[in-house]
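Q: no sequence for this one, just the structure:
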């Protein structure tokens, strides 16, 4: 029996879909925008639209996501930009904000 190799991005998507009633999901690996080695999976942006978020404050929404992705956050994911919306909020916005450029420097620059 051969083990299946799953990317961190795929694991994040799978776990979120299993835990929430999602109507729209975008998970982007933004590691290339930071001072990390090529092909890293350390920095992610997630746009999550779910009616599970209706009536919940942003902090409560993020706590749900942190719980779902606790393993990934403890094992290599350095940054996770969360954009969480109810279906109604998403219908009004229809897009998440763009990610800013990395302001951090490489350790090699010190």
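A: In hand now; what should we look at? Keep in mind that what you see is a predicted model, and the values were worked out from it rather than measured.
Q: got the contact list for the residue nearest the centre of the chain?
A: In the chain, the residue lying closest to the centroid (CA atoms, centre = their mean) is residue 46, at 3.2 Å. Residues in contact with residue 46 (CB atoms under 8 Å, 6 or more residues apart in numbering) are 12, 16, 25, 26, 27, 28, 65, 80, 81, 82, 83. C-beta here means a position set from N, CA and C on the backbone, and glycine is covered the same way.
Q: please redo it, this time with the cut-off set to 6 Å
A: If a contact means CB atoms under 6 Å, 6 or more residues apart in numbering, then residue 46 has 27, 82 as its contacts.
Q: Could you do residue 96 as well?
A: 47, 83.
Q: Can you tell me the SS state at it?
A: coil (DSSP: H, G, I helix; E, B strand; the rest coil).
Q: Adjust the sequence numbering to begin at 848 for everything that follows.
A: Right, with 848 as the first residue, what we last looked at is residue 943.
Q: Next SSE downstream of the helix or strand where residue 906 lies?
A: Per DSSP states H and E, residue 906 falls inside helix 905-915. Next in sequence after helix 905-915, counting helices and strands by DSSP H and E, comes helix 917-921.
Q: hmm, who's touching the helix or strand just after that next one?
A: Next helix or strand after helix 917-921 toward the C-terminus (DSSP H and E): strand 926-932. Residues from elsewhere that reach strand 926-932 (CB under 6 Å, 6+ apart): 890, 891, 892, 893, 894, 895, 896, 900, 908, 909, 912, 943.
Q: Dump these into TSV; add pLDDT and distance to residue 919 as well.
A: Output for those, formatted as TSV (pLDDT from 0 to 100; distance: CB to CB, whole Å):
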residue	pLDDT	distance to residue 919
890	83	12
891	90	9
892	92	14
893	95	11
894	96	17
895	97	14
896	97	20
900	98	20
908	98	17
909	98	14
912	98	10
943	71	20
